[in-house]
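Participant: the sequence and its predicted three-dimensional model are supplied below.
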Amino acid sequence: MAGSGVPGGLNEGQMKLMQDLEVEVMADLFNRMTAVCHRKCVPTKYRDSELSKGESVCLDRCVAKYLDVHERIGQKLTNISQAEQEQMKSMMAAQQAAP
Amino acid sequence: MDTQSIRNLRDFLQMYNRISETCFTQCISSLLERDVQSDEVACVQRCADKHINSNQKIMQVFMEVQPQVVAKRMEKMEQQMAETQAAESAEAQPQTAEATEVQPQAAVESAQAEAVAQ
């Protein structure tokens, strides 16, 4: 994410901001994933403090699936925003060409 | 990259996380496999598209309606300001009339009028 081809490059201050942003977003992702997988895999009847085999396996699959879904949605959003950017570019070029 | 772009980027990434969470919760029904099933993939695609489209629609309507709300608020404020200004100038007028009528004692009388007003 850092160094994502921003025109003109990033100076130190901006690089720090981008890194902070990335950390913040990662932490948010982790928190949401934890909440969702806990809700899906760990029942609230607390009979035992240790994780059962079923719960372990469920959490493993849940995290794997969550990250897979996250990546797919990320690709979709990237494609859409790229398409929008190219649309804007061609619109602006058309405006400039025909004064 | 200025603060506005960074703010936009942060909003975008937060939206991304929110969509991921919602679509995962709604679409991933079974946790019997480590790989995402094909029907779950289709559900996730549709879910993401729907969220993006509804987001765009909401932004569109917001941009239409918000300026109207702001304009109404500005109108009210301007009205109130005009009213208070009119009230102040109405109070000031009788004092100035009294002060200019009698020339020799103008200074004394205007001072008295101001003291009365305060």
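Facilitator: Here it is on my side, so go on.
Participant: where does the most centrally placed residue in chain B land in three-state SS?
Facilitator: The structure's chain B has its C-alpha centroid closest to residue B:70; by CA atoms, centre = their mean the separation is 6.6 Å. State at residue B:70, reduced to three classes by DSSP: H, G, I helix; E, B strand; the rest coil: helix.
Participant: now do it against residue B:55, distance only.
Facilitator: Plainly put, residue B:70 is 22 Å away from residue B:55 if you go by CB to CB, to the nearest Å. In short, each C-beta sits where N, CA and C put it, glycine included.
Participant: any low-confidence regions in chain B?
Facilitator: Counting by pLDDT under 70, the low-confidence segments of chain B come to B:1, B:95-118.
Participant: chain A contacts on that one?
Facilitator: B:1, B:6, B:9-10, B:12-14, B:16-21, B:23-25, B:27-28, B:31-36, B:40-41, B:44-45, B:48-49, B:52 (CB under 8 Å from any CB of the partner chain).
Participant: which of the residues you listed are buried?
Facilitator: Listed as buried from the residues of chain B next to chain A are B:1, B:9, B:13, B:16-17, B:19-21, B:23-24, B:27-28, B:31, B:36, B:40, B:44, B:48, B:52; burial here means 16 or more other CB atoms under 10 Å in any protein chain shown.
Participant: OK, contacts around residue A:17?
Facilitator: Residues near residue A:17 by CB atoms under 8 Å, 6 or more residues apart in numbering or on different chains: residue B:6.
Participant: how much space separates it from residue B:76?
Facilitator: 39 Å.
Participant: what do you get for residue B:92?
Facilitator: When residue B:92 is compared with residue B:76 (using CB to CB), they lie 25 Å apart.
Participant: how about residue B:25, nearest residue that isn't a chain neighbour?
Facilitator: residue A:36 (5.7 Å; CB to CB, 6 or more residues apart in numbering or on different chains).
Participant: so what's residue A:2 scoring on pLDDT?
Facilitator: For residue A:2, the pLDDT comes out at 47.
Participant: try residue A:24
Facilitator: If you check residue A:24, the pLDDT there is 95.
Participant: what about it, how many neighbours?
Facilitator: 13 (other CB atoms under 10 Å in any protein chain shown).
Participant: tell me which element it is part of?
Facilitator: According to DSSP states H and E, residue A:24 maps onto helix A:12-41.
Participant: moving C-terminal of that helix, what's the next helix or strand?
Facilitator: The first helix or strand that comes after helix A:12-41 along the chain, using DSSP H and E, is helix A:53-97.
Participant: what's the angle from that following helix to helix A:12-41?
Facilitator: 140 degrees (axes from the mean of the first three to the mean of the last three CA atoms, to 10 degrees).
Participant: quick one: low-confidence ranges for chain A?
Facilitator: In chain A, residues with pLDDT under 70: A:1-10, A:99.
Participant: what parts of it come near chain B?
Facilitator: Contact residues, chain A versus chain B (CB under 8 Å from any CB): A:6, A:10, A:14, A:17-18, A:21, A:24-25, A:28-29, A:32-33, A:36, A:40-41, A:58, A:60-62, A:64-66, A:68-70, A:72-74, A:76-77, A:80-81.
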